[in-house]
Every structure is written in C-alpha cells, then in structure tokens.
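> Just need the structure, nothing else, for what follows:
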Amino acid sequence: MAGFTDIREPVSFDLESEKANELFLAPAFVSDNIIGGAFYKIMRNVKRTAVMYFAGALSNIVQKNTGCGWTPSGSMAITQREIEVCKEKIQLELCTDEFFDTCFEDMLGNEEGIYQLNETPTGQAILNYWIERVRQGFKNDVWKLSWFGNTDSVLPFFAQCNGWIKQIEADITAGLTPPAVDALSGAPLAAGASVTILEEVIDAQTDILDDVPASDKVLFVSKSIWNNYKKYLQSNPNCCDSWSTLQDGILELRYDGILLIKCSQFDACDATLGNPDTHRVILAHNRTLTMATDITGEETSFSIRFDVDSKLHKIEAYFKQGFNVAHPELIVYAV
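As a prediction, this is how the structure comes out:
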C-alpha cells in the first residue's frame, strides 16, 4: 500500500521541517500552556548558537562644557550573551493490538478500512489523538526543562540542558543579578509569609527593572506562594481588593500591580529533585526569559512508523531547544 494507509503494513507517516513545525512544534512552543504565554521571548531559527546583545544603563554622562577639547565621560557598553540549543528527541512505542483491543474498540466498530489511518474519519481521529497526546507531553517536558534543566543533575531527564534557574543562579554569583531573596524554603510557609517575601522581591529590583511598568513584568511563583498569598487576601478582603480579580472565570492575583503566574510544577519538580518545601519567586521583565529552537531546520521531524516484526507503532520527533536570560538585571529571584 502506498503512503500511510494500513497500520499493519511496514509504512510510515513522516513530517519533516515545515510540516513538522506546523503540526507539532509550533503549537507546542507558541502555546500559552508551555511557560507563561506572552511572558517570554522565543528565538525560532537557531541552528546551534545565537548571540543576544543588550546595552547597559548609561549614568553620569553629562558634564560641564569648559571649552574646546574632547573629554569623553562614560561609554556605550554593549554586552553579549549566547544562547545554545541542544538536540532533543522523543521516541515512543505502542502495541497496536492492545490499542485496538481496549480504549478504541467501541469507537472503531465495524467501519470498513479502520486501519487506514489517513484515509478514514476514524483513522484520522486516531492519528490526531496520538499526535495531540505526544504534543501535550512535549509541552509539559519543555516547561520543566526550561526552568529546571541542569547538566549537573544526577537525574538524566533534567541533565539534558541548562534551564533558566541555573542561569539565574550563575548570574547572581557573577553579580549580574541582585542577590537572591530568602523565600523561607525548607518548611511550610506561615500564614501571610508570602506577602513579606513578595515585598522583599519588589524592594530588591534594580533601578532599571523598578522603572519598568508593572504591566510589563510578571511574578512566576510556586504553588505554595500562590496559595499562601490567596489565603492572605481572602482573610484581609479590604486591604487590597484590586489585587484579586476574576478574568473569564479565572482567578488572577497581583502584587504591587504585577501579575502572579502560578507554577504548580515548581513544587512538583522540586519534590522530584529532593527539595520539598522549596518556595520560589521569579520577578522578570516579560521578554527577558528566552527560549531558542529551530522549528524550520532540516533536522526537525515527526514520524509514526509501524514495525511489522514487533507489531509496535513507533513515534519519533527530533527538534532543538535551549534557554537563557537575555537581561540579567531585569530579574529578581527568591528561593
């Protein structure tokens, strides 16, 4: 049979480059579910490395004019940071007999040609189901790696590449980002403790970040911080009622006018990494956390293949990803 028709035959469904991007990678990388929607920057065509440039703040550059002569004061310092992508892959397998004997048995019925995945409505529905399940898992994994990736980790999943938290901690050590705020990690938060932590994060901003409008900043917080702050607002309804609102039925919390993004997987990842009761807050300009990928490169692909001997469907995806912080002075970190 030609093309992807009967899944019992040694045929395949292959998407390369542009089509793989359209069907699989772009919806995942661009989705609001991945790491906060509009609150990060994505570089979409990084083959291996790319350089990010930013200008430092200018200060004390005005001087008295005392006559002729060239007496420069200050400099136009341009700092460059590099973002590197690493090669990634997804490889899954599925027993076709088990699949059809269980969850899809009723759906399949007696439709003629049910194995022709790309040629019948039922087959197309199954194909779309597989693709969507892989895409959802891909989103979740990219989110975890974007924050907690650490090539020094003893856990292979997290050791694939370096994420933002490792870069932020390196920038703090180098003096590029303000010292970390104490988020009282190591024990459950006392009632109202989140308010003190959030206030200290606000106070720790550099002058540059402090001058950024609240609408252009975001607070990524652990679920423990979010829940503690929500309970504080509920028990003090008159103190700051404008900081808790409903948008399309979804509760939004703000502090000092800055939107809080609840990152429940902070807590889950910290537990997996052996760091229970870790409370995290990352205050950032909404375009400084940067992700890089190569969604149109020749190495980008997505495929579903059937292996006749093992009777397994094999699902593969190949892509690239990398993470860095573009402007370290536009970050405040609490842990």
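> give the contact list for the residue lying closest to Gly149 once chain neighbours are set aside.
If you skip the residues right next to it in sequence, Gly149 has Gly163 as its closest partner in space, 3.4 Å away by C-beta to C-beta, 6 or more residues apart in numbering. For the C-beta atoms, the positions are set from N, CA and C on the backbone; glycine is no exception. Taking C-beta atoms under 8 Å, 6 or more residues apart in numbering, we find Gly163 in contact with Leu145, Ser146, Trp147, Phe148, Gly149, Asn150, Phe323.
> how about the helices in the stretch 51-200 of the chain?
Along the stretch 51-200 of the chain, the segments classed as helices by DSSP state H, counting those that start in this stretch run 96-101, 105-108, 121-148, 164-173, 193-203.
> swap that for the stretch 201-335 of the chain, please
For the stretch 201-335 of the chain, the helices defined by DSSP H, counting those that start in this stretch occupy 207-210, 223-235, 264-272.
> Include mean neighbour count when you put those into JSON lines, please.
As requested, these are arranged in JSON lines below (neighbours: other C-beta atoms under 10 Å):
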{"stretch": "helix 207-210", "mean neighbour count": "14"}
{"stretch": "helix 223-235", "mean neighbour count": "19"}
{"stretch": "helix 264-272", "mean neighbour count": "18"}
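> a markdown table for those helices, including distance to Thr300?
Rendered in a markdown table, the data for the helices of the stretch 201-335 of the chain read as follows (distance: least, C-beta to C-beta, whole Å):
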| stretch | distance to Thr300 |
| --- | --- |
| helix 207-210 | 35 |
| helix 223-235 | 34 |
| helix 264-272 | 25 |
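> Which of those sits closest to Val154?
For the helices of the stretch 201-335 of the chain, distance to Val154 was read as C-beta to C-beta. The smallest value, 11.6 Å, belongs to helix 264-272.
> which helices and strands does the closest one pack with?
For helix 264-272, the packing partners by 3 or more C-beta pairs under 8 Å, 6 or more residues apart in numbering; DSSP states H and E come out as helix 121-148, strand 217-222, helix 223-235.
> For these, could you give me a markdown table that also reports mean pLDDT and distance to Ala174?
Supplementary listing: these in a markdown table, determined by pLDDT from 0 to 100; distance: least, C-beta to C-beta, whole Å:
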| stretch | mean pLDDT | distance to Ala174 |
| --- | --- | --- |
| helix 121-148 | 79 | 20 |
| strand 217-222 | 96 | 21 |
| helix 223-235 | 94 | 26 |
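> Can you check which of the ones you listed gets nearest to Val308?
The closest of the helices and strands packed on helix 264-272 to Val308 is helix 121-148. By C-beta to C-beta, the value is 18.5 Å.
> Tell me what angle that closest one forms with strand 217-222.
Regarding helix 121-148 and strand 217-222, their directions subtend 100 degrees when assessed with axes from the mean of the first three to the mean of the last three C-alpha atoms, to 10 degrees.
> Next, the buried residues of helix 121-148.
If you call a residue buried by 16 or more other C-beta atoms under 10 Å, then helix 121-148 has these buried ones: 122-123, 126-127, 130-131, 134-135, 138-139, 141-148.
> One more: stretch 284-303?
Of the residues in stretch 284-303, those scored as buried under the neighbour-count criterion (16+ other C-beta under 10 Å) are 284-286, 288-295, 297, 300-303.
> ditto for stretch 213-226
Along stretch 213-226, these residues count as buried under the neighbour rule (16+ other C-beta under 10 Å): Lys217, Val218, Leu219, Phe220, Val221, Ser222, Lys223, Ser224, Ile225, Trp226.
> Tell me who's in contact with Cys161.
Residues near Cys161 by C-beta under 8 Å, 6+ apart: Cys86, Glu88, Leu145, Gly149, Thr151, Gln321, Gly322, Phe323.
> Generate the ChimeraX command that creates a selection of the buried members of those.
Buried subset of the contacts of Cys161, written as a ChimeraX selection, criterion 16+ other C-beta under 10 Å:
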select :86,88,145,149,321,322,323
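> closest to Ile168 among the contacts of Cys161?
Checking those one by one against Ile168 (C-beta to C-beta), the nearest turns out to be Phe323, at 10.6 Å.
> Specify the beta-bridge partners of that closest one.
On the basis of DSSP bridges, Phe323 is bridged to Met291.
> Thought Phe148 was touching it, still the case?
No. Counting by C-beta atoms under 8 Å, Phe323 does not reach Phe148; the two are 10.3 Å apart.
> what about the stretch 51-200 of the chain, any weak spots by pLDDT?
Low-confidence regions of the stretch 51-200 of the chain, defined by pLDDT under 70, span residues 51-65, 70-85, 96-124.
> go again using 80 as the cut-off
The model of the stretch 51-200 of the chain has pLDDT under 80 over residues 51-135.
> So what's the residue count around Lys311?
Residues within reach of Lys311, counting by other C-beta atoms under 10 Å, total 14.
> swap in the one 4 residues further on?
For Ile315, the tally of surrounding residues (other C-beta under 10 Å) stands at 19.
> what pairs with it across the strands?
Going by DSSP bridges, Ile315 forms beta bridges with Leu92, Ile304.
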